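Novice: Just the structure for this:
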Amino acid sequence: TLFRSPEGKRYLPKNYFSNLELAHDILDELFLTSRNSKADSKADEAKNDPNKPKPDLQTGQTAQQALASASSNPDPNLNYDGADLVDWINSNGGYIHPNARIGLDPTGTYRGVFVKSLGEEGGSEEGIQEDEIICRIPWSLLIKPANYGWNKYFSCESMKELYNQFLLGDKSFYAPYVNYLMNQPRGRIVSEWSQEGKQLLYSMLDKEWDEEDEEWIGGLPPKFVKSYEEVWLDWCKGEDTPLAKAAFYQFTSRDEDTLMVPFYDMCNHSNDPKKLNTINYKPRRPGKPFVLRATRNITPGEQIYISYTRCNRCWHDLLYQDCTTWSHYSSSDVFDIFGFVEDFPQTWAFEIDTDDPDDVWDEVVFCLEHDEDSGTLLVTFGDNYSENPSEWIPTDGGLEFLHAQLDRLNRFEKAFKDDKNLIDSIPTYEWEMSWRYHEALVVAISAAIVAADIGGPESIMPIKEEKLVEDSSDEEEEDSSDEENIATRVSLGSDEL
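Specialist: Model prediction:
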């Protein structure tokens, strides 16, 4: 038995079985998930049923843009094609691949960077080939601090420089880029939301206000990053103006550490290895350019993706090759900092207050992947840095926390989601994004609960093989490769749902 109290007795959280049933129901509805550790024939039949609509998971940066375009505060840059920006870059010593374009996706609902289709001017059958440069932005076109360092990740000086360029507007050397940024809609980042929207979200997340430290604490992630008032006004001693606030939020949601990189920061985010098709190279020292390359052939019409959290704790490459940057941001941090619910794969970390007088703490950490072909989820407790991921299967306290929060989130939804007075009091965009994050939370928590219930080394699924991991007592070949060792180590504690 996985879950025992210190006395060795079986421990189950209150309402264990009803919450487990709820978790199954949530996953069944959204992911065609079966009631055991593997997708069964019923799930396969449902997946192939032409009359069954595909689930709308309401995640990803493109979903956020689609929502924003339909809101009362749509993106005025939605139809921006970037022609002036590309001309400015190319005429000032930079390079944009002739087959790359800024614009709308084929549905016309969100903006990104794409490879030109064959019907477009300049489009070719080759698209963009592996290892080709997609953009090279010279040092002179980067907005940066005077005291630049490759391993520096925060700079008041950079924020102030962007604000200075905002003040210059059309007179700025960076005018094509700066005018685009200044024309971005406000209110997309959580800390920019209305007080009513924030209150809904904080209540949804079970947060409490700490009077002493003047911050929201406890409950569910994210731990909200420092605000405009704390960072810009208190730390950076910046001016308090609407334009300063706009510059601050554009910087904190688009910067590459201490750099603002035109064209590159218009690419959308994904950590899905099927979608991610680029790698960036940040200048190692002042004077060098910022470069974005293709990591595979990118076909005509395909979107060009970058990763905002490259080489994170659940990175798909277990050997961590091609890591020009490293990130410890979780999916909840992406929601907080960038303002959207990222698609799969996701990284989740739930810190648990144990109320222990010795300040003992607990944490549930797991990676969450989605197989679109089979409609199943894969939960890996711990992350790629965990020396023994099987030890990360939730403890008694962790399991109780997850069950309690799933039950609370379910009751919260029933109480408030259809409250017309509440709906009318909160901007539509904030309302919808709050509930999209709510959905991401209940899916992640449900997946962890079901995986923990399956539990046990005998049902652990390896990442790269279609058979169960053998018992650890079996002899292993001494000459196994490092890659095999890492794959086995990371697969421990995983369950396919």
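Novice: isn't Gly301 right next to Gly119, touching?
Specialist: No - in this structure, Gly301 is not within contact of Gly119 by C-beta atoms under 8 Å, at 9.3 Å. Quick note: C-beta positions are derived from backbone N, CA and C, even for glycine.
Novice: How much space separates Ile298 from Lys116?
Specialist: Separation of Ile298 from Lys116 (C-beta to C-beta, to the nearest Å): 11 Å.
Novice: out of these two, which sits in the more crowded spot?
Specialist: A direct count of neighbours by other C-beta atoms under 10 Å for Ile298 and Lys116 places Ile298 higher, at 25 against 20.
Novice: For Asp333, pull up the helix or strand it's in.
Specialist: Here Asp333, judged by DSSP states H and E, is contained in helix 331-338.
Novice: in the helix or strand following that helix, what counts as buried?
Specialist: For helix 331-338, the following helix or strand on the C-terminal side (DSSP H and E) is strand 346-353. Neighbour-count burial for strand 346-353, counted by 16 or more other C-beta atoms under 10 Å, picks out 346-352.
Novice: low pLDDT regions in the stretch 251-400 of the chain?
Specialist: By pLDDT under 70, the low-scoring segments of the stretch 251-400 of the chain are 354-361.
Novice: and if we set it to 90?
Specialist: Applying pLDDT under 90 to the stretch 251-400 of the chain flags the ranges 316-328, 351-363, 370-377, 383-400.
Novice: do you know how far the closest residue to Phe154 other than its chain neighbours is from Gln405?
Specialist: Distances taken as C-beta to C-beta, 6 or more residues apart in numbering place Thr258 nearest to Phe154, at 7.0 Å, with adjacent residues excluded. Distance, Thr258 to Gln405, by C-beta to C-beta: 36 Å.
Novice: Can you show me the helices along the stretch 101-250 of the chain?
Specialist: 156-168, 175-182, 195-204, 228, 242-254 (DSSP state H, counting those that start in this stretch).
Novice: Now tabulate those helices in a markdown table and tack on mean neighbour count and distance to Glu214.
Specialist: A markdown table is the format used below for the helices of the stretch 101-250 of the chain (neighbours: other C-beta atoms under 10 Å; distance: least, C-beta to C-beta, whole Å):
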| stretch | mean neighbour count | distance to Glu214 |
| --- | --- | --- |
| helix 156-168 | 19 | 21 |
| helix 175-182 | 20 | 30 |
| helix 195-204 | 17 | 14 |
| helix 228 | 18 | 14 |
| helix 242-254 | 19 | 19 |
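Novice: can you list those in TSV and add distance to Glu432?
Specialist: Formatted as TSV, the helices of the stretch 101-250 of the chain follow (distance: least, C-beta to C-beta, whole Å):
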stretch	distance to Glu432
helix 156-168	29
helix 175-182	24
helix 195-204	10
helix 228	23
helix 242-254	19
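Novice: what's the closest of these to Val450?
Specialist: Closest to Val450 of the helices of the stretch 101-250 of the chain is helix 195-204 (C-beta to C-beta; 22.2 Å).
Novice: For the stretch 101-250 of the chain, give me the ranges with low pLDDT.
Specialist: 104-111, 118-124, 150-151, 185-187, 208-218, 223-227.
Novice: what's the burial count for Thr107?
Specialist: 8.
Novice: Would you mind measuring from it to Lys275?
Specialist: 16 Å.
Novice: before we move on, what about His97?
Specialist: When His97 is compared with Lys275 (using C-beta to C-beta), they lie 18 Å apart.
Novice: got the contact list for the residue nearest to Phe154?
Specialist: Taking C-beta atoms under 8 Å, 6 or more residues apart in numbering as the contact definition, Thr258 lies against 144-145, 148-149, 152-155, 158.
Novice: Can I get these in JSON lines including distance to Val365?
Specialist: What follows is these, written out as JSON lines (distance: C-beta to C-beta, whole Å):
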{"residue": "Lys144", "distance to Val365": "35"}
{"residue": "Pro145", "distance to Val365": "34"}
{"residue": "Tyr148", "distance to Val365": "34"}
{"residue": "Gly149", "distance to Val365": "30"}
{"residue": "Lys152", "distance to Val365": "28"}
{"residue": "Tyr153", "distance to Val365": "22"}
{"residue": "Phe154", "distance to Val365": "25"}
{"residue": "Ser155", "distance to Val365": "30"}
{"residue": "Ser158", "distance to Val365": "32"}
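Novice: from the residues you listed, which would you call buried?
Specialist: Buried among these by 16+ other C-beta under 10 Å: 144-145, 148, 155, 158.
Novice: Out of those residues, which is nearest to Trp431?
Specialist: Set against Trp431, the nearest of the buried ones among the contacts of Thr258 by C-beta to C-beta is Ser158 (33.3 Å).
Novice: What separation do you get for the closest one and Gly149?
Specialist: 11 Å.
Novice: Show the average pLDDT along the longest helix along the chain.
Specialist: Determined from DSSP state H, the single longest helix within the chain is helix 428-454. Confidence for helix 428-454, expressed as mean pLDDT, is 93.
Novice: buried sites along it?
Specialist: 428-454.
Novice: what's the neighbour count on Asp322?
Specialist: Neighbour tally, Asp322, other C-beta under 10 Å: 11.
Novice: who touches it in this structure?
Specialist: Counting by C-beta under 8 Å, 6+ apart, Asp322 touches 279, 295.
Novice: again, only this time at 10 Å
Specialist: By C-beta atoms under 10 Å, 6 or more residues apart in numbering, the contact set of Asp322 is 279, 293, 295, 310-311.
Novice: now do Ile423
Specialist: Contact analysis of Ile423 by C-beta under 10 Å, 6+ apart lists 416-417, 431.
Novice: could I get those residues as a markdown table with distance to Asp213?
Specialist: Converted to a markdown table, the contacts of Ile423 look like this (distance: C-beta to C-beta, whole Å):
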| residue | distance to Asp213 |
| --- | --- |
| Phe416 | 28 |
| Lys417 | 31 |
| Trp431 | 29 |
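Novice: Val190: which of the residues you listed is nearest?
Specialist: Nearest member of the contacts of Ile423 to Val190, counting by C-beta to C-beta, is Trp431, at 12.9 Å.
Novice: Please compute how far the lengthiest strand in the chain lies from its chain's middle.
Specialist: The longest strand of the chain (DSSP state E) is strand 361-371. Computed by C-alpha atoms, centre = their mean, to the nearest Å, the chain-centroid distance of strand 361-371 equals 14 Å.
Novice: Direction included, what does it pair up with?
Specialist: strand 346-353 (antiparallel), strand 376-381 (antiparallel) (DSSP bridges).
Novice: Out of these, the one nearest Thr395 is which?
Specialist: strand 346-353 (8.6 Å).
Novice: Kindly export the closest one (C-alpha atoms) in PDB.
Specialist: Only the C-alpha atoms of strand 346-353 are listed here, as PDB (Å, rounded to 0.1, in the frame of the first residue of the first chain):
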ATOM      1  CA  GLN A 346       3.000  20.800 -18.700                       C
ATOM      2  CA  THR A 347       4.900  21.100 -15.400                       C
ATOM      3  CA  TRP A 348       3.100  21.300 -12.100                       C
ATOM      4  CA  ALA A 349       4.300  21.900  -8.500                       C
ATOM      5  CA  PHE A 350       1.900  22.100  -5.600                       C
ATOM      6  CA  GLU A 351       3.400  23.300  -2.300                       C
ATOM      7  CA  ILE A 352       1.600  22.100   0.800                       C
ATOM      8  CA  ASP A 353       1.400  23.800   4.200                       C
END
